[in-house]
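Asker: take a look and give me a structure for this.
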Amino acid sequence: MSLPPLRILIAEDSTSDRSILRRMLIRLGHEVIEAADGVAAVAAFQETTPDIVLLDALMPRMDGMEAARRMRALAGERLVPLIFLTSLTDAADLARCLDAGGDDFLTKPYNRVIIDAKLNAFRRMQRMHDTLSEQRDLIHARNQQLVDEQAVAKQVFDNVAHSGCLDAPNIHYHASPQSIFNGDVLFATPRPDGGLVVFLGDFTGHGLPAAIGAMPVAEIFYGMAGKGFGGAEILREMNQKLCRILPTGRFCCGAMIEVDFKAGQVRAWNGGLPDGWVLGGGRTPQPIRSRFLPLGILPADRFDGEMEALRVRPGDQVLLMTDGVLDCVDDAGNVFGEAGVREALADKEGPPFERLLAAASGFSADAASSDDLTLFALDVTDDAGWTRGLADTVGPSALTGPLDWRCEYELQGQSLADFNPLPLLLHLCLEVPGLRPSSGEIYTLLSEMYNNALEHGILGLPSHWKRNPDGFGHYYAERQRRLQSVGNHRVRFALQHEGTAQGGRLRIACEDSGEGFDVAAVLGSLSDDGRVSEPAYAGRGLLLLKRLTTDLSFHQNGNRVEIVYDWKHT
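Answerer: Here you go, the predicted model:
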């Protein structure tokens, strides 16, 4: 295959030498452009964009070395070989030609065979340069496409996995991503009853592979938590979704905590992340150990979402972390590890979160981080208004429900142990236009009525067991044990809503099949100053019902509780 001719610029002040070269190159089949000095050569280079330049080192007005420097600047990324025409023999002079941007020499007198061989060699070099430049541009374009795709994925993810309540004053977190979209995810949102749910996850991989799993997990987390589902139910749904969509070898190590500030309780689950910690009050730190496999590995029938109950007090701090904290490496290759975490937490100066973050950051200050690092801390508070001023974490539905309706819902037998009806009942209530701003109060009403009916009415668990850590653990262990033999008991809800001129009225009745209780004694224990005298049967819960409702009444020996909740348009 014949090659196309080259466009060659000859910059030579000697007319005879220039004429010899021109005829020789034309015979070789190339196009020739001539210049008699350096200034004319630079102008011709800029105007004609030659493929190769034959350049005399010594010329009037501008010597070949200055002309070479200017041509090299004009060429930019384009490879234009500059071959000096010279009779110089001194090594220093020849070196100056190369320093000025020259690529080779042609010595006088000229040899046609040598010239043809050099031109062909530089032609091959140009073709290689052009191929590499094209591949570089393709790689750059592909990389930019991936960056753009990750940016779009991150924007979509941020819209789905909004910050929730991560900007709450009692929440602290630090994240150091390794890519635009890293493998670590952190979600936090208030529960309708005033509690908090947090999920910290570490997906295998970075970028789009991590986003593929993270986005549906975020949708499940915020959607279910906002409707009042418990942590175990959210975990089961996450695991099932990831098992269905992730390829083999992809999974999500994760930890979830469910916080009930009013009860002073944290329920925790850890599947594959480093140990979390509950610290404070001079007590021995309580670990949140990794007891389960990561999400996305086990099928639904083998997945265990059971959450461990831990007692907490105002002033305690709950810590969660990804393995990037443990994997911090210093210049010598030493790993921060669990020993570093324990040493940082053993120090009593300052909050645990600040101590651990400073220790990990200082350990790897001069070393490149090899993994995503996310650290989360929650300050336990007794302030019921900790969510005040936070944005609504659940977007409004495009659908609206009826204003006037009535329904009944009953759970029986083993379903009392296996199913939580509160999210379903809350969802039903919030279909009423205008009731959404009251979701927290409505969930609290439903929760108190259901838990009183189940735990006290049917299971016969006494509230005073929860006064100390040992009794607290015993209460929930006994609750699980008694649920396994609940028999033919039932809990029935009757709900009715009707519109009013100011807003609406919601009536809720909860009836259980337990033995009942002394209504007069319990109501007598509820004092006007908000204290509960002993012995009180779920007294604090009933006091809350009394404060939130227009009317509270008991029927059938206390087995049926009825409330009236009035709301107004905002």
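Asker: hey, let's count contacts and neighbours off CA atoms from now on
Answerer: Fine.
Asker: elements contacting the helix ranked longest in the chain?
Answerer: As far as residue count goes, and with DSSP state H defining each element, the longest helix of the chain is helix 112-160. With contacts defined as 3 or more Cα pairs under 8 Å, 6 or more residues apart in numbering; DSSP states H and E, the packing partners of helix 112-160 are helix 207-226.
Asker: which secondary structure elements does the helix it packs on contact?
Answerer: By 3+ Cα pairs under 8 Å, 6+ apart, helix 207-226 packs against helix 112-160, strand 184-190, strand 196-203, helix 231-245.
Asker: ok so, going back, now the longest helix of the chain and helix 207-226, what's the angle there?
Answerer: For helix 112-160 and helix 207-226, the angle between their directions (axes from the mean of the first three to the mean of the last three Cα atoms, to 10 degrees) works out to 0 degrees.
Asker: helix 112-160: how far from the chain's middle?
Answerer: A distance of 32 Å separates the centroid of the chain from that of helix 112-160, by Cα atoms, centre = their mean, to the nearest Å.
Asker: kindly report the same for stretch 22-38.
Answerer: Using Cα atoms, centre = their mean, the distance between the centre of stretch 22-38 and that of its chain works out at 64 Å.
Asker: what of stretch 232-241?
Answerer: Remark: stretch 232-241 is offset 18 Å from the chain centroid, using Cα atoms, centre = their mean.
Asker: and if you look at stretch 473-492?
Answerer: The chain centroid and the centroid of stretch 473-492 are separated by 37 Å, computed with Cα atoms, centre = their mean.
Asker: quick one: contacts of that stretch?
Answerer: Among residues not part of stretch 473-492, those counted as contacts by Cα atoms under 8 Å, 6 or more residues apart in numbering are 309-310, 408-414, 416-417, 450, 453-455, 458-459, 461, 465-466, 510-514.
Asker: can you tell me which residues contact Gly228?
Answerer: Under the criterion of Cα under 8 Å, 6+ apart, the neighbours of Gly228 are 191-193, 422-423, 426, 443.
Asker: residues contacting the residue lying closest to Gly272 once chain neighbours are set aside?
Answerer: Spatial nearest neighbour of Gly272, chain neighbours left out: Cys253 (4.7 Å); criterion: Cα to Cα, 6 or more residues apart in numbering. By Cα under 8 Å, 6+ apart, the residues touching Cys253 are 201-203, 271-273, 293-295.
Asker: cutoff 6 Å now
Answerer: For Cys253, the contacting residues are 201-202, 271-273, 294, taking Cα atoms under 6 Å, 6 or more residues apart in numbering as the criterion.
Asker: returning to what we had before: and the contacts of stretch 473-492, which of them are in helices?
Answerer: Judged by DSSP H, those include 416-417, 450 as members of helices.
Asker: for stretch 299-309, measure first residue to last.
Answerer: Start-to-end span of stretch 299-309 (Cα to Cα, to the nearest Å) is 25 Å.
Asker: now swap in stretch 94-109 and tell me
Answerer: According to Cα to Cα, stretch 94-109 extends 17 Å from its N-terminal end residue to its C-terminal end residue.
Asker: and for it, what are the contacting residues?
Answerer: For stretch 94-109, the external contacting residues (Cα under 6 Å, 6+ apart) are 65, 68-69, 81-87.
Asker: farthest-separated two in those residues?
Answerer: Using Cα to Cα, those reach their maximum pairwise distance at Arg69 and Ser87, which is 20.2 Å.
Asker: next structured bit after the worst-scoring helix or strand of the chain on mean pLDDT?
Answerer: One helix or strand of the chain scores below all others by mean pLDDT, DSSP states H and E: helix 519-524, with a mean of 65. For helix 519-524, the following helix or strand on the C-terminal side (DSSP states H and E) is helix 539-548.
Asker: Thr550 and Ile563 touch, don't they?
Answerer: No. Using Cα atoms under 6 Å, Thr550 makes no contact with Ile563, being 7.4 Å away.
Asker: compare neighbour counts for those two and give me the winner.
Answerer: Under the criterion of other Cα atoms under 10 Å, the comparison of Thr550 against Ile563 puts Ile563 first, with 22 against 14.
Asker: so who does the more buried one touch?
Answerer: Residues in contact with Ile563, defined by Cα under 6 Å, 6+ apart, are 507-508, 551-552.
Asker: make it 8 Å
Answerer: The contact partners of Ile563, by Cα under 8 Å, 6+ apart, come to 507-509, 545, 549-553.
Asker: just to be sure, it is in a strand?
Answerer: Yes. Under the criterion used here (DSSP: H, G, I helix; E, B strand; the rest coil), Ile563 sits inside a strand.
Asker: measure it to Arg479 for me?
Answerer: Taken as Cα to Cα, the spacing of Ile563 relative to Arg479 amounts to 26 Å.
Asker: then Ser14?
Answerer: As defined by Cα to Cα, Ser14 lies at a distance of 106 Å from Arg479.
Asker: so between those two, which is more surrounded?
Answerer: A side-by-side neighbour count of Ser14 and Arg479, using other Cα under 10 Å, places Arg479 first with 17 against 12.
Asker: what's the pLDDT at that one?
Answerer: What the model reports for Arg479 is a pLDDT of 85.
Asker: repeat for Ala536
Answerer: 39.
Asker: how about Leu82?
Answerer: We note a pLDDT of 90 for Leu82 in this prediction.
Asker: go ahead and confirm it touches Ala68.
Answerer: Yes. Under the criterion of Cα atoms under 8 Å, Leu82 is in contact with Ala68, at a separation of 7.2 Å.
Asker: closest to the centroid, which residue in the chain?
Answerer: For the chain, the residue whose C-alpha lies nearest the mean C-alpha position (Cα atoms, centre = their mean) is Val185; its distance is 2.9 Å.
Asker: break this structure down into its structural domains.
Answerer: Structurally, the chain divides into domains by automatic domain parsing as follows: 7-132, 161-379, 405-568.
Asker: now distance to Ala141 too, for the ones you listed, in TSV please.
Answerer: As requested, these are arranged in TSV below (distance: least, Cα to Cα, whole Å):
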stretch	distance to Ala141
domain 7-132	14
domain 161-379	17
domain 405-568	48
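Asker: of those, which is nearest Leu138?
Answerer: Nearest to Leu138 among the domains of the chain is domain 7-132; the distance by Cα to Cα comes to 9.7 Å.
Asker: what's the first-to-last distance across the closest one?
Answerer: 22 Å.
Asker: cool, thanks, talk later.
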